[in-house]
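Q: Here you go, sequence then predicted model.
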Amino acid sequence: MKGTAVHEDHILDTVEYARPSEYFKVANANCTTDSDCVKGEVNFDGHGRRTGKCVQYYNHTFKTCEIQTWCPIEEYAVVRGNIKDASNKRDMQKYLNKCHYDEEKEPYCPNFRLGYIADKARESFSQLCRTGGVIGVFINWKCNLDIDPSNCKPTYSFRRLDLRKDQVNSGYYYRFAKYYNKNGVETRTLIKAYGIRLDVIVHGHAGKFSPIPTIISTVTAMTSVGIIIKEPPVPISTELSYINSFGSNHSDLSEGVPL
C-alpha cells in the first residue's frame, strides 16, 4: 500500500509501516499560485501532505505544490551498481564450492550459476539485475527402485514466476531505510533494493516391485470379474443358411458379497 501518514511531527511512508513489492510512479503536480495548493490536502499519487505553498520544482522552470515528506523523493535517488558481474557466481559458495551443476558430469550437484538459471528460464540476466524477478526452480525425481540407484537422477527446470517486465508491478524489490542525525536534523537513507528470488519446488515419484501388494491387487481385481458359461450351439434353420444361437448363464463372483 502506498501513501504517507502524519503522526504529530513525524512523517510515515511505506518504509516505516510496510515493505511490499510495489511499483513507483508519481505524476508531477504543477501550480502557479499558492491558491492552487490546498493546505493539508493529500494527493493519492503524491508523496505527502501539501503545505499550501507553490514552490519552484528543483531546477526546472515550472512550479509544484510543496509537500511535507522525506526529501529527496525517489526520482532523484542515486542508483548504484547491481549484480551484473555475478552471472558466473554460484549461489552456494560456502557449501559444495568444488562443483557446479552439469547435466552429464555433475547431475547431483545443486550448485548453479546465476547466468545459467536465467538462461534456462528464458530471461535476460541483465534485465533481471535492473528490475529483479522471481524464478521457480523445479526439481523432479522420478525413480525406478528396481534398478541401480545411480540411475535415479533429478531433473531441473526453471521458469519465471512473477509478471513480465512490461507489467507495472513486475520485478522483485523492497525498500528499507537507515536513520541517523545530521547537524541535529533527523535524516535517513532510503534504499530500494532489487534482487533475484529463487523458489525451489520439489516433486518426487518412486516405485519398487513387491509380490505381496501385487497379489493383493490381483485378488481384489478378480472379485469384480464375471464368468460367462456358453451352452452348446443350437443351429437355427433358414432358407439360405444356418444361424448359430449362443445362450449363456452369467455368474458374478462378487454375488452375495456386501459392498
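A: Now that the structure is in, tell me what you want to look at.

Q: Give the residue spans of this structure that score low on pLDDT.
A: The model of the chain has pLDDT under 70 over residues 1-4, 7-11, 14-29, 44-45, 58-59, 72-96, 165-169, 224-259.

Q: how many neighbours does the residue nearest to Y194 when sequence neighbours are not counted have?
A: The shortest distance from Y194 to any non-neighbouring residue, by C-beta to C-beta, 6 or more residues apart in numbering, is to G132 (3.9 Å). All C-beta atoms are positioned from the backbone trio N, CA, C, and that covers glycine. Look at G132: counted by other C-beta atoms under 10 Å, it has 22 neighbours.

Q: For the lengthiest helix in the chain, output the C-alpha coordinates as PDB.
A: Secondary structure of the chain per DSSP state H: the longest helix is helix 211-222. Listed next in PDB are the C-alpha coordinates belonging to helix 211-222 (Å, rounded to 0.1, in the frame of the first residue of the first chain):
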ATOM      1  CA  PRO A 211       5.000 -59.600  -4.500                       C
ATOM      2  CA  ILE A 212       2.600 -59.100  -1.600                       C
ATOM      3  CA  PRO A 213       1.000 -55.800  -2.800                       C
ATOM      4  CA  THR A 214       0.800 -57.400  -6.300                       C
ATOM      5  CA  ILE A 215      -1.100 -60.400  -5.100                       C
ATOM      6  CA  ILE A 216      -3.500 -58.300  -3.000                       C
ATOM      7  CA  SER A 217      -4.200 -56.000  -6.000                       C
ATOM      8  CA  THR A 218      -4.700 -59.100  -8.300                       C
ATOM      9  CA  VAL A 219      -7.200 -60.800  -5.900                       C
ATOM     10  CA  THR A 220      -9.000 -57.500  -5.400                       C
ATOM     11  CA  ALA A 221      -9.400 -57.100  -9.200                       C
ATOM     12  CA  MET A 222     -10.700 -60.600  -9.700                       C
END
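
Q: List the buried residues in that helix.
A: By neighbour count on 16 or more other C-beta atoms under 10 Å, the buried set for helix 211-222 is empty.

Q: next one: stretch 139-158
A: By 16+ other C-beta under 10 Å, the buried positions in stretch 139-158 come out as 143, 154, 156, 158.

Q: For the first one, give me its contacts.
A: Neighbouring residues of C143 by C-beta atoms under 8 Å, 6 or more residues apart in numbering: 149, 151-152, 204-207.

Q: Mind listing the strands the helix or strand hosting it pairs with, and their directions?
A: Counting by DSSP states H and E, the element that carries C143 is strand 133-144. Within its sheet, strand 133-144 is paired with strand 154-160 (antiparallel), strand 196-207 (parallel), according to DSSP bridges.

Q: winner for burial among those?
A: Highest mean neighbour count among the strands paired with strand 133-144 (mean count of other C-beta atoms under 10 Å): strand 154-160, with a mean of 15.

Q: Name the next helix or strand downstream of that strand, please.
A: Toward the C-terminus, strand 154-160 is succeeded by strand 173-182 as the next helix or strand (DSSP H and E).

Q: The nearest residue to E106 once chain neighbours are set aside and Y179, how far apart?
A: Nearest non-adjacent residue to E106, counting by C-beta to C-beta, 6+ apart: C99, 5.2 Å away. Distance of C99 to Y179, computed by C-beta to C-beta, to the nearest Å: 43 Å.
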